[in-house]
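Asker: fold the following and give me the result.
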Amino acid sequence: MKAKRMRYMTASLDTIDLQNPALYLNRELSILDFNLRVLEQATDARHPLIERLIFLLIFSRNLDEFFEIRVAGLLQLVSFGRSAPGPDGLMPHDVLKQISQICHAAVDRQYRILNEELLPALAAENIRFLRREEWNDKQSVWVRKYFKEQVLPVLTPIGLDPAHPFPRLVNKSLNFIVSLDGKDAFGRQMSLAVVPAPRSLPRVIRLPDEISDGGDQHVMLSSIIHEHVSELFPGMTANGCYQFRVTRNADMNVDEDAEDLALALKGELLSRRYGAAVRLEVADNCPRSIIDYLLKQFGLPDEALYQCNGPVNLARMLSNFDRPNLKFPPFRPRIPSVLQKADNIFEAMQQQDILLMHPFESFAPVIDFLRQAARDPNVLAIKQTLYRSGPDSEIVNVLAEAARNGKEVTAVIELRARFDEESNIEVANKLQQAGAIVVYGIVGYKTHAKMILVVRREGRKLMRYVHLGTGNYHAGNARLYTDYGLLTANPEMAEDVHKLFQELTGMGRVLRLKQLLHAPFTLHPQLLHMIEQEAQNAASGIPGRIIVKINSLTEKHIMQALIKASQAGVRIDLIVRSVCCLRPGIPGISENITVRSIVGRFLEHTRVFYFENGGDPKVFCSSADWMDRNLFQRVETCFPILDPILRDRVIEEGLNTYLLDNTQAWLLQPSGEWLRADAGEEPPHIAQQVLLKKLT
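Answerer: Alright, predicted model coming up:
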């Protein structure tokens, strides 16, 4: 492989083999690389202490999903005999071997960071997670009372014998396997039992101040159960009690032809809890004989075993610490001055397009846009897509209010948004009960576009007002994710959005749009066209430049077009938060391509595309990443920033600021390794902090 790669490094544009696996990186391994960058934030002393703990727990949660979806998918490919290599040339079983090596090392590192860095540092701040041997007499008495009153009534110990086979345990649930001596009330000799931890109880319990010796002291639910497990088996002796947790395949196969998609999804949600096992986590002091027993029960090989030096469910370890000095400093998102001065939001939108960059600028104007529309007697109709929102969100409540006020409310709800399916079914039911028209989008395509359309009567005319975004209509996410939103009354863009809703709710041919690009129709070919145009310009001596900020890059035709553009002399900067399958910096091939990832306080979520276009730059924001699923299997929007002032803002704040980051940036090397940027003797430039100072 190495010799073959070197041969292509000197190849010309006419002879390069764009199918060469040496040009690409594996998608699953790239996801893991991103998760490792998240884990590294837990060691970064520049972050406040509690935020470092949160990064550690986010890594744990991300790894759960990685096993539930990505590892489970690879295992299915192997079991079904569909072991075709990906663009990087790796077979699924080879990828699984590398994943096992990387994840075992990462989990060991995760617990070392927890035990050797974070817990001692938290203890120095009087925040302690007490082990059983550390409880004083008063604490032991309190814990026993808590066990008797809060825990014992909801515990269900399950003895294992021929009449009580190994129970069917829920995905990612905390459980204990207990080794026993003695006979029970019926004279049965049992050696093992399983105790599922109640999912309704918190995993971390804060001790009352009067028994905490100052500071914040906590005990784990697992420690409480472990201490009193013998009381579950009167007359018997518990010789050992060990935590374990199984991770299962959580992907769903929904029948797209089902008469009622919501009903079909409800059935699949139950099966997700009991999918095929893919990973077993156990306490590191668990005897090998019991480990082998558990592996056999779940049908797992030894490679799927992860021994944990601490709680096996770290993702649920977070407590509500009231320590502002150990968290990121709070900030107040800005509201654009044009909105502060206008009598109502429609008046402001008539004056100019309004760009919002969350979380630095407030999400409140989006909610106000809907609220004013819901209460304005001149508004006739509201249409909105919903991907992730939640039944208790203010946006859903406002839409319900609008429907009750007699507005024609149409909600296009994507029921299949992964891990939000149940919540979205609740949203659909709530809006239907309020009188809204609810549709589930297009069979075979997820509706991932973010758009609102408001139709308002003004004199004898009907005016349209639009919001387009790169992120979900979720107020909580808007405080944690970076995203763009555009409020506009531009007639052509409003007409385009109207046509997109026609496509989503009705039937007919693809409608021609004037300003917007949309997947699965025009977005992919137009992206290829704009990349190729930059290549042609560069070949003609006109400077070519592409800057892209996305979450993921996996689509092979776009990667091949970028390689060709690089060879033609186009300077290409890719800001990719997580997955990047394009190998940059290969001499003679992708040497004009740089790839960087920003990992920091906020989750980078904006999608921005910049094309130099011969000196007349084109700038787009989009709901779509450059992945196969976004470009071919989803309904997505990509909208131009037409106002020159706003366009320059996006270039400066959304792209150039990130290209200057020399502290929170990670740079992808030709080898596939990610290296942390080093400011050296230069002043540190942290893009998110720069934007906080500038925009809030």
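Asker: grab the longest strand from the protein for me.
Answerer: Criterion DSSP state E: the longest strand present in the chain is strand 237-248.
Asker: give me the mean pLDDT for that strand.
Answerer: Strand 237-248 carries an average pLDDT of 95.
Asker: switch to numbering from 38
Answerer: From this message on, residue numbering opens at 38, which makes the last subject strand 274-285.
Asker: chain center to it, what's the gap?
Answerer: A distance of 30 Å separates the centroid of the chain from that of strand 274-285, by CA atoms, centre = their mean, to the nearest Å.
Asker: check which residues of that strand are buried.
Answerer: By 16 or more other CB atoms under 10 Å, the buried positions in strand 274-285 come out as 275, 277-285. (Each C-beta comes from the backbone N, C-alpha and C, glycine too.)
Asker: helix or strand: which one has Val613?
Answerer: Using DSSP states H and E, Val613 sits within strand 608-617.
Asker: ditto for Gln539
Answerer: Secondary-structure assignment from DSSP H and E places Gln539 in helix 528-542.
Asker: just checking, what packs against whichever helix or strand comes after that helix?
Answerer: The helix or strand immediately downstream of helix 528-542 is strand 554-556, counting by DSSP H and E. Packing contacts for strand 554-556, counted by 3 or more CB pairs under 8 Å, 6 or more residues apart in numbering; DSSP states H and E, involve helix 560-576, helix 665-669, strand 671-677.
Asker: strand partners of strand 554-556, parallel vs antiparallel please.
Answerer: Using DSSP bridges, the strands paired with strand 554-556 in its sheet are strand 671-677 (antiparallel).
Asker: with only the CA atoms kept, save the strand it pairs with in PDB.
Answerer: Backbone C-alpha positions of strand 671-677 (Å, rounded to 0.1, in the frame of the first residue of the first chain) are rendered in PDB as follows:
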ATOM      1  CA  ARG A 671     -32.800  13.600   3.200                       C
ATOM      2  CA  VAL A 672     -34.700  16.700   2.400                       C
ATOM      3  CA  GLU A 673     -32.300  19.600   3.100                       C
ATOM      4  CA  THR A 674     -32.100  23.300   2.400                       C
ATOM      5  CA  CYS A 675     -29.100  25.400   1.400                       C
ATOM      6  CA  PHE A 676     -29.700  29.100   1.300                       C
ATOM      7  CA  PRO A 677     -27.600  31.900   0.000                       C
END
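Asker: next, the angle from that strand to helix 560-576.
Answerer: Going by axes from the mean of the first three to the mean of the last three CA atoms, to 10 degrees, strand 671-677 is angled at 40 degrees with respect to helix 560-576.
Asker: now the angle from strand 671-677 to helix 528-542?
Answerer: Strand 671-677 and helix 528-542 are oriented at 180 degrees to each other (the same axes, to 10 degrees).
Asker: list the buried residues in the helix or strand following strand 671-677.
Answerer: Downstream of strand 671-677, the first helix or strand assigned by DSSP H and E is helix 681-686. Buried residues in helix 681-686, counted by 16+ other CB under 10 Å: 683-684, 686.
Asker: my guess is Leu155 meets Leu94, correct?
Answerer: No - if you go by CB atoms under 8 Å, Leu155 and Leu94 don't touch, sitting 10.2 Å apart.
Asker: hang on, the earlier thing: who touches the strand holding Val613?
Answerer: For strand 608-617, the surrounding residues in contact (CB atoms under 8 Å, 6 or more residues apart in numbering) are 62, 64, 67-68, 71, 580-591, 599, 602-603, 619, 621, 629-636, 640-642, 664, 692, 695-696, 705.
Asker: next one: stretch 716-729
Answerer: Stretch 716-729 is contacted from outside by 368, 394, 397, 519, 635, 637-639, 690, 694-695, 697-702, using CB under 8 Å, 6+ apart.
Asker: now restrict those to buried residues only.
Answerer: 394, 397, 519, 635, 637-639, 690, 694-695, 698-702.
Asker: among the residues you listed, which are in helices?
Answerer: 694-695 (DSSP state H).
Asker: can you name the two of the buried ones among the contacts of stretch 716-729 that are farthest apart?
Answerer: By the measure CB to CB, Met394 and Asn699 form the most distant pair in those, at 21.3 Å.
Asker: how about the helices of the stretch 38-187 of the chain, start to end?
Answerer: Assigned by DSSP state H, counting those that start in this stretch, the stretch 38-187 of the chain shows helices spanning 39-46, 64-78, 86-102, 109-116, 129-149, 156-161, 174-183.
Asker: buried residues of stretch 254-273, list them for me.
Answerer: 254-267, 269-270, 273.
Asker: show me the residues you listed that map onto helices.
Answerer: 258-265.
Asker: residue ranges with poor pLDDT in this structure?
Answerer: For the chain, residues meeting the criterion pLDDT under 70 lie at 38-52, 119, 199-200, 221-226, 289-309, 453-457.
Asker: got the domain boundaries for it?
Answerer: Using automatic domain parsing, the domain parsing of the chain gives 39-137, 166-363, 374-551, 555-732.
Asker: end-to-end on the third one?
Answerer: Pointing back at domain 374-551 there. Taking CA to CA, to the nearest Å, the first and last residues of domain 374-551 lie 30 Å apart.
Asker: next one: that domain to chain centre, how far?
Answerer: 22 Å.
Asker: same thing with the first one?
Answerer: With CA atoms, centre = their mean as the basis, domain 39-137 stands 16 Å off its chain's centre.
Asker: what of the last one?
Answerer: Remark: domain 555-732 is offset 20 Å from the chain centroid, using CA atoms, centre = their mean.
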